[in-house]
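>>> Need coordinates for the following:
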Amino acid sequence: MKKYGVFSMAVRTSGMYIRESNWYGAMEHIFSVVTSLAGAGMIIATQRLFDTAAGATYGEFWHVLAPLGVLVMLAVISQVANGLENFFTEAGFIRNEGRYMQRFQMKLSRIPAKKFEDTAFLDDVEKAQEGVSTIGDFAIVSLQFITYYAVYFVIVGAYLFWLSPLLPIVVIISFVPALLGQIAQIKVFAEVEEQNAPERRRYNYYRRAIADREFYKETRILGAFRYFHRLFSQTLLDVTQKVWRTERKAQTIRLVLGLATFAGLGVSLYLLFNATMSGVITIGAFAAVLASLTRIFYIMEEIIMMNMGTTLQEAGNLANYFRLMDMEEVSGEMGTPDFSHGIKAEGVGFTYPGRSEAAVSDVSLTIQSGETIAVVGENGAGKSTLVRLLTGLYVPDVGKVTVGGLDTKNTHPASISGSTSAVFQNFQRYKMTLGNNVAISDTTDVVSEARITAMLDVAEAGIAHSSDIMLSPEFDGIDLSGGQWQRVAIARGLYRYNGFIVLDEPTAAIDPLEEARLYGQFKRLSEGKCAIIITHRLGSAKLADRIVVMEKGEIVGEGTHDELIARPGKYADMWEAQAEWYHE
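Numbers count the residues shown, from 1 in each chain. Down below sits the predicted model:
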């Protein structure tokens, strides 16, 4: 596994921040350099002021005005530059944060769909999402090390060395234990983040089960509120306790190291006092360094205890972010499927991540151009998995799938999805207008109100509202019944221009006879296209040109309704069990 060191991540985040900030970032760090130069110059100006004042008589007060003016001017420059630096930092930070999230989301859209069936990957996404919010802080601190801290300490260090070679050495040594302690914390915080990622996913789910609109009716009626609240509270407590134990250990280390730093300050003051009493440095130099020594130690503590400490704690989250951003993406050649070649699966097998049993095993199937097939079988038979393979959403582990003459292993998924439409069983209820709920399936063209209306009519949606009505009570709109939502989802799938269309059991809230009428309309609309109907209601399957029967991931029967009903087998058994639905 690729290692993500703090230095390499600092370089990478800094580059990202500068590119995104444009001139905001440039101005921010120009003023950072000015602030550091002015701050360092104030130490030297303070020495000049005290030396001049110590050597001046009462009548030579005007001699003091020049060094006093220089000190005041540097103080004003430092304050103004610092204010402008903060302004451009905030402007650049706000500008960039949304873009980091946009890039993260775009990355997720380019990751193979199979990954989203892997719980380890979902944990990685959770951890990476935590890292998105740390990019800006990490980059700003990294750049400050160069534009502010490095410039300041090079000048001040040279000045202290000129006064007494031991002074800068003592200051540096005082903070070595603190630096080592902060570095040691990287592994601790990274391990905690690794443990907490799946726990955070759980308590976010429990929170939704308590408060989200899609859950609350069932949660209240079943009296499950306290149950989910207990799970949420326990999971949140587990996460908090792990973080608290780690923080407690870290704070203990910081306290001990802080005492070492305080001792270093005492030694520095002793050296300064001794150098003054022995005449090595002037009274002015003593006053300047004494006044600035506290500032120097504060900045060192800010670097190591605050900035570096926070940066190292965030390094684990940031490493997770970069690990996901560097993850392999979907690839392949772009092309245009020619559905006159139909769709073929040859010896296809597929197993979901983390499972030992194949969801689809040794399946071979050909769908001719303009043919509608129905795939039937009991729950868990592999119907939906087969469709995901035939639409190029998943790539088979073994075997080969060609869609319109394009091999899904060598073709970019966008080439196939661009000519494919599907309505899945777990369709989405978008909190948007009725028109957008339908037209979202084809955003490449101007929205056609006539097409929206026509597809809603085909789906027999029965919604007596204009397409501008909001389908969300949360946004001052209306809600639909389960059956109406399913019809809207079907209209959405039909709205998209396609050469290959799939209906994957989207009609569970519609009674069998209505489903049969809807599929009859679908059959007419899909003429000349490759089409698949997935259903466990066999009355609808009769409308297909051919029926494929699946059981335990394999095809166990194939033919027309009459052919399959005439011979003993899975289909005949299922038909016998469901026949009473269709007697009328």
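
>>> Let me see the ranges of the helices in the stretch 201-350 of the chain.
Here the stretch 201-350 of the chain has its helices, by DSSP state H, counting those that start in this stretch, at 213-221, 225-277, 283-301, 309-325.

>>> least reliable of these going by mean pLDDT?
Mean pLDDT is lowest for helix 213-221 out of the helices of the stretch 201-350 of the chain, coming in at a mean of 67.

>>> residue closest to the middle of this protein?
Among the residues of the chain, residue 129 comes closest to the average C-alpha position under C-alpha atoms, centre = their mean, at 3.9 Å.

>>> picking that back up, could you say which one of the helices of the stretch 201-350 of the chain comes nearest to residue 522?
When the helices of the stretch 201-350 of the chain are compared by C-beta to C-beta, helix 213-221 sits nearest residue 522, at 27.2 Å. Every residue, glycine included, has its C-beta placed from N, CA and C.

>>> Of the helices of the stretch 201-350 of the chain, flag the one that's most buried.
helix 309-325 (a mean of 21; mean count of other C-beta atoms under 10 Å).

>>> Provide the angle between the direction of it and the direction of helix 225-277.
130 degrees (axes from the mean of the first three to the mean of the last three C-alpha atoms, to 10 degrees).

>>> Nearest residue to residue 479 in space, please, no chain neighbours.
residue 473 (5.3 Å; C-beta to C-beta, 6 or more residues apart in numbering).

>>> on that earlier part again, thought the residue nearest to the centre of the chain was touching residue 107?
No: the criterion here is C-beta atoms under 8 Å, and residue 129 misses it with residue 107 at 11.2 Å.

>>> so what's the residue nearest to the centre of the chain closest to, chain neighbours aside?
Closest residue to residue 129 apart from its sequence neighbours, by C-beta to C-beta, 6+ apart: residue 104 at 7.1 Å.

>>> next helix or strand past the one helix or strand the one you found maps to?
Assigned by DSSP states H and E, residue 104 belongs to helix 62-109. The helix or strand immediately downstream of helix 62-109 is helix 119-132, counting by DSSP H and E.

>>> For that following helix, buried residues please.
121, 123-132 (16 or more other C-beta atoms under 10 Å).

>>> where's that helix relative to the chain centroid, distance-wise?
7 Å (C-alpha atoms, centre = their mean, to the nearest Å).

>>> Could you do stretch 542-561 as well?
On the basis of C-alpha atoms, centre = their mean, stretch 542-561 sits 41 Å off its chain's mean C-alpha point.

>>> Other residues contacting it?
Residues outside stretch 542-561 that contact it (C-beta atoms under 8 Å, 6 or more residues apart in numbering): 357-365, 371-378, 381-383, 385-386, 516, 519-520, 523, 533, 538, 541, 564, 569-571.

>>> Show me what counts as buried in it.
542-544, 546-551, 553, 555, 557, 559, 561.

>>> Tabulate those (CSV), appending secondary structure.
Shown next, in CSV, are these (DSSP: H, G, I helix; E, B strand; the rest coil):
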residue, secondary structure
542, coil
543, coil
544, coil
546, strand
547, strand
548, strand
549, strand
550, strand
551, strand
553, coil
555, strand
557, strand
559, strand
561, helix
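
>>> Quick one: find the helix or strand in this protein with the lowest mean pLDDT.
helix 213-221 (a mean of 67; mean pLDDT, DSSP states H and E).

>>> and residue 445, how many residues sit next to it?
10 (other C-beta atoms under 10 Å).

>>> Determine which of the helices of the stretch 201-350 of the chain approaches residue 451 most closely.
Closest approach to residue 451 among those (C-beta to C-beta): helix 213-221, 28.9 Å.

>>> Quick check: pLDDT value at residue 411.
pLDDT, residue 411: 92.

>>> Tell me how many other residues surround it.
By other C-beta under 10 Å, 24 other residues sit near residue 411.

>>> what's the nearest residue to it if we skip its chain neighbours?
Per C-beta to C-beta, 6+ apart, closest to residue 411 is residue 332, 4.6 Å.

>>> From residue 395, how far off is that neighbour?
9 Å (C-beta to C-beta, to the nearest Å).

>>> hey, what's in contact with both of those two?
In contact with both residue 332 and residue 395: residue 409, using C-beta under 8 Å, 6+ apart.

>>> Neighbour count for the two, which is higher?
Per other C-beta under 10 Å, whichever of residue 332 and residue 395 has more neighbours is residue 395, with 22 against 18.

>>> Compute the distance between that one and residue 119, please.
Using C-beta to C-beta, residue 395 is found at 20 Å from residue 119.

>>> burial count for the residue nearest to residue 479?
Counted with other C-beta under 10 Å, residue 473 comes out at 11.

>>> How about the one 3 residues further on?
Using other C-beta under 10 Å as the criterion, residue 476 is surrounded by 7 other residues.

>>> could you check the distance from it over to residue 215?
Taking C-beta to C-beta, one finds residue 476 at 21 Å from residue 215.

>>> From the buried residues of helix 119-132, pick the one nearest residue 44.
residue 131 (41.9 Å).
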